[in-house]
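Chemist: A structural model of the following input is requested.
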Amino acid sequence: MPEWYEFELGKAADILVNELFKLKEGETMVITADTESDARVVNATARAAFAAGGKPMVIWLASPLGVGKAADPMFPTESLVGALNGADAWVEFNNQWIFYSNVFDRAMKENPKLRYNCLVGMNTDMMVRTIGRVDYPALKEFLDKLTELAKDTDEFRITSPAGMDVTFKATEEKRAGYAMGYADTPGSHMMSGQVYWGMDVTTLNGKLVFDGSVNPPLGLIKDPIEMTIENGDIMAFGPGNDAVKYEAWLRSFDDPNMLKIAHLCPGFNPGAKLTGDVVEDERVWGSVEFGIGNMAWRPAASHSDGICMNVSIWLDGKQILDKGKCVHPELAKLAKNLGKE
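Modeler: Numbers count the residues shown, from 1 in each chain. Now for the predicted structure:
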């Protein structure tokens, strides 16, 4: 008897290797994983890479006790960087991310041809839902329209049923775009369905509430985590056990930049659901993820991502989302093509 989702996982791995990476014959694909990773996902991807004529190289690591730069002391840095410097493609399945670490920074800088896809924590179920069953042309049409609307926006407002209410202004460049999951060009790429808007973090003010998950250090949370934000800085935390734990973790680094908002990304992958896995949670339809701490333009000791569920969004005072559902007429029509309201 086949294993659970055995056929579907094979198809998803084929899509990842052949469609998203467009792996060419003779290219080396490095697949990194740690002892918390799903071996079925790793092996299916390696098989697909080999079948495509590529040269898969699987690297298993001991799981560090942190992510990003906080994990640097536990990585075999020189060996990892050496392997990645000789690769054409790199897919990261590590549950404790290499992403944002010094290994990542060096590999991306020293190997300008490297194509990287961040699929941290990927498991069989998630890969089938968020990669194998995605209608990519229909998703692109939806995200194109959303980006068109955001690029002309000066002021944003986001609220949620959990009590969040924040406002911010766009950067001068008014950057707006999205990830489609493709890693067929050099550089860093993300799983499909994550939107990015150029936020001037110094204009972010209001009450931010995480009510989905926080990674690291908590995963799925029981109590909403409320934060008072002034000009992009976390000034105070609300009550609740999870808020106490989260504040303690952020302050444990003794780094003032760990109390600064880094970015935000709305989520629109039609197959994503809240599971506690950050790469999926960031793409839950109708959610918004806020990053805290380290970014390339402002280093910090680590990085954390929190999820705000079922958000309402206004662009220059015009509402496009209501409690996670599209209310803008064109977006609503395109969402239906993806099986979403």
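
Chemist: just for the chain, where's the confidence low?
Modeler: Across the chain, nothing is flagged by pLDDT under 70.

Chemist: and E25, which of the three is it?
Modeler: At E25 the chain is in coil, as set by DSSP: H, G, I helix; E, B strand; the rest coil.

Chemist: give me every residue that touches it.
Modeler: Taking Cβ atoms under 8 Å, 6 or more residues apart in numbering, we find E25 in contact with 52-54. Every C-beta, even on glycine, is put in place using the N, C-alpha and C of the backbone.

Chemist: can you pick the most crowded of the residues you listed?
Modeler: Neighbour counts for the contacts of E25, by other Cβ atoms under 10 Å, peak at G54, which reaches 22 neighbours.

Chemist: how close does the nearest residue to that residue once chain neighbours are set aside sit to D88?
Modeler: Spatially, and ignoring its direct neighbours in sequence, G54 is nearest to L23 (4.7 Å; Cβ to Cβ, 6 or more residues apart in numbering). Going from L23 to D88 by Cβ to Cβ, to the nearest Å gives 8 Å.

Chemist: Now list whatever residues contact both of those two.
Modeler: Joint contacts of L23 and D88 (Cβ under 8 Å, 6+ apart) are M29.

Chemist: out of those two, which sits in the more crowded spot?
Modeler: Taking other Cβ under 10 Å, L23 and D88 do not tie; L23 has more neighbours (26 against 19).

Chemist: The more buried one reaches A46, doesn't it?
Modeler: No. Counting by Cβ atoms under 8 Å, L23 does not reach A46; the two are 11.5 Å apart.

Chemist: What about E230, how many residues nearby?
Modeler: Neighbour number of E230 under other Cβ under 10 Å is 12.

Chemist: quick one: stretch 135-154 to chain centroid distance?
Modeler: In terms of Cα atoms, centre = their mean, to the nearest Å, the centre of stretch 135-154 is set 18 Å apart from its chain centre.

Chemist: Just the buried positions in that stretch, please.
Modeler: Across stretch 135-154, burial judged by 16 or more other Cβ atoms under 10 Å covers 138-139, 142-143, 145-147, 149-150, 153.

Chemist: export the lengthiest helix in the chain as PDB, just CAs?
Modeler: The longest helix of the chain (DSSP state H) is helix 136-151. This file holds the C-alpha atoms of helix 136-151, laid out as PDB (Å, rounded to 0.1, in the frame of the first residue of the first chain):
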ATOM      1  CA  TYR A 136      -0.500  29.300 -10.400                       C
ATOM      2  CA  PRO A 137      -2.000  31.300 -13.300                       C
ATOM      3  CA  ALA A 138      -5.200  32.100 -11.300                       C
ATOM      4  CA  LEU A 139      -3.100  33.000  -8.200                       C
ATOM      5  CA  LYS A 140      -0.900  35.300 -10.300                       C
ATOM      6  CA  GLU A 141      -3.900  37.100 -11.700                       C
ATOM      7  CA  PHE A 142      -5.200  37.700  -8.200                       C
ATOM      8  CA  LEU A 143      -1.800  38.900  -6.800                       C
ATOM      9  CA  ASP A 144      -1.200  41.200  -9.800                       C
ATOM     10  CA  LYS A 145      -4.500  43.000  -9.100                       C
ATOM     11  CA  LEU A 146      -3.700  43.300  -5.400                       C
ATOM     12  CA  THR A 147      -0.200  44.700  -6.200                       C
ATOM     13  CA  GLU A 148      -1.700  47.200  -8.600                       C
ATOM     14  CA  LEU A 149      -3.900  48.500  -5.900                       C
ATOM     15  CA  ALA A 150      -1.200  48.700  -3.300                       C
ATOM     16  CA  LYS A 151       1.400  50.400  -5.500                       C
END
